[in-house]
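Q: Structure for the following, please:
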Amino acid sequence: MEFSCSACGKVSHRKQSALAKVSRPTCSRECYWSIKPKEHNATCPVCVKTFRNTPSQPRQCCSRRCAADLEISQRVQLECPVCEKRFARPACWVISETPCCSRMCRGVFGRKPGNTDSTRVCRVCAKLKPISDFVKSRGEIGGRGYLCKPCGIRSNRQYRAQKSADPSYRDHRNETHRKWRLRNIEHSREWHREHRHTNRYKYRHSTTAYFARRRGAAVCDLTLAQWLEIQAEFDGRCTYCLEYPERLEMDHVIPLSRGGNHTADNIVPACRSCNSSKGNKLLSEWAEHLRAIREAKASAA
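A: Okay, here's the model as predicted:
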């Protein structure tokens, strides 16, 4: 394969596999040494040892150990203006006018007007508020950050929304959670079991709303608080047989299969027997059976 020499420009022939291994091909050894970077001798400032150095990748020391010793020797000893603690910083760092040893000392030294032990100025809304109204942060003074709680919540929501929109981050988060559950499968099962038992009414309510949507409910806005108010309004009784069952169920006055909605004005409490007997009938269609139930209850009493 023909190529042009990088040193003299002469056209020569060489195998394609050999040309692929070099970035600047040459026709002869003289041309190769003419373009190769020249090495020169340098002296290490730490161990005073002579070593070979190249202009393309210059080194200040002969080894990493000597470079670390040189960096330590060039550190500047400073004194913190807050806690009066002695600390060292590399000379290559830009030293500010008020160097401090830690983040907490920088916060104390650089307080803005209005920042005291009991009050603080929010960095977003610029309002002076009590320090208890700020988000928690272990690294700041008093364990509180410089964002008030409303601004902190808004900032966290924006960050989560931005991250959730990224498919790669979402996949990484799901994969991390999956690996954690596999490592702690017994702990995860126990936590979910206990959480379901503690919040069983919320789970039951969300399951009912899910099946209502599947059955074709156009509006499904019943909340758990509204359902508890409905039960209290009927004094814990069944709407139809007026008994006190152990557990009340939701009965839709207009069934979902006939265009009813899963809303507070279409739901009444009922026992399991009455709810199953009514089924998907309207009250006008189920009136005779309801009258028979109440007469049987009255005769038994």
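Q: Every contact and neighbour count from this point should use C-alpha atoms.
A: Fine.
Q: same question for the helix or strand hosting residue 71, mean pLDDT?
A: Assigned by DSSP states H and E, residue 71 belongs to helix 64-73. Mean per-residue pLDDT for helix 64-73: 80.
Q: residues of it that come out buried?
A: 66, 67, 70 (16 or more other Cα atoms under 10 Å).
Q: Need the contact partners of that helix.
A: Residues from elsewhere that reach helix 64-73, judged by Cα atoms under 8 Å, 6 or more residues apart in numbering: 44, 45, 46, 47, 60, 61, 90.
Q: Out of the residues you listed, who's the most crowded?
A: Each of the contacts of helix 64-73 was scored for neighbours by other Cα atoms under 10 Å, and residue 61 scores highest at 23 neighbours.
Q: Can you classify that residue by secondary structure?
A: At residue 61 the chain is in coil, as set by DSSP: H, G, I helix; E, B strand; the rest coil.
Q: Same question for residue 288.
A: helix.
Q: try residue 150
A: helix.
Q: I'd like the distance between it and residue 144.
A: Residue 150 sits 14 Å away from residue 144 when distances are taken as Cα to Cα, to the nearest Å.
Q: One more: residue 292?
A: Per Cα to Cα, residue 292 is found 68 Å from residue 144.
Q: ok, these two, which is more surrounded?
A: residue 144 (18 against 11).
Q: So in terms of bridging, what pairs with that one?
A: Here residue 144 sits in beta bridges with residue 136, going by DSSP bridges.
Q: I'd assumed residue 134 was in contact with it.
A: Yes. Taking Cα atoms under 8 Å as the definition, residue 144 is a contact partner of residue 134 at 5.9 Å.
Q: Residue 120: neighbour count?
A: When neighbours are counted by other Cα under 10 Å, residue 120 comes out with 26.
Q: just to revisit the earlier point, of the contacts of helix 64-73, the lowest pLDDT goes to which?
A: residue 90 (66).
Q: could you pull out the helices for this protein?
A: Along the chain, counting by DSSP state H, helices occupy 16-19, 29-35, 64-73, 103-109, 149-164, 167-183, 185-198, 200-214, 224-233, 272-278, 287-300.
Q: ok, back up a step: so of the contacts of helix 64-73, which two are at opposite extremes in space?
A: Largest separation among those by Cα to Cα: 47 and 90, giving 20.4 Å.
Q: most remote residue from the chain's center?
A: Largest separation from the mean C-alpha position in the chain: residue 299, at 63.6 Å (Cα atoms, centre = their mean).
Q: and it, how far is that from residue 292?
A: Distance from residue 299 to residue 292, by Cα to Cα: 11 Å.
Q: now residue 69
A: Applying Cα to Cα, the value for residue 69 to residue 292 is 99 Å.
Q: and if you look at residue 198?
A: Taking Cα to Cα, one finds residue 198 at 40 Å from residue 292.
Q: any idea what sits nearest residue 4, other than its immediate chain neighbours?
A: residue 11 (4.6 Å; Cα to Cα, 6 or more residues apart in numbering).
Q: returning to what we had before: can you list the buried residues of helix 64-73 in CSV and add distance to residue 154?
A: CSV is the format used below for the buried residues of helix 64-73 (distance: Cα to Cα, whole Å):
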residue, distance to residue 154
66, 50
67, 46
70, 47
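Q: Among those residues, which one sits closest to residue 226?
A: residue 67 (71.5 Å).
Q: can you tell me the average pLDDT over stretch 177-195?
A: 93.
Q: Against residue 48, how distant is residue 210?
A: Counting by Cα to Cα, the gap from residue 210 to residue 48 is 78 Å.
Q: How many neighbouring residues does residue 196 have?
A: The local packing of residue 196 (other Cα under 10 Å) involves 14 other residues.
Q: from now on call the first residue 617
A: In the new numbering, first residue 617, that becomes residue 812.
Q: if I pick it, what's in contact with it?
A: Under the criterion of Cα under 8 Å, 6+ apart, the neighbours of residue 812 are residue 819.
Q: Give the residue spans of the protein that score low on pLDDT.
A: 649, 651-656, 670-673, 706-715, 722-733, 755, 757-758, 917 (pLDDT under 70).
Q: and with 50 instead?
A: Across the chain, residues meeting the criterion (pLDDT under 50) sit at 710-713.
Q: Break it down into its structural domains.
A: 618-651, 656-689, 782-812, 833-916 (automatic domain parsing).
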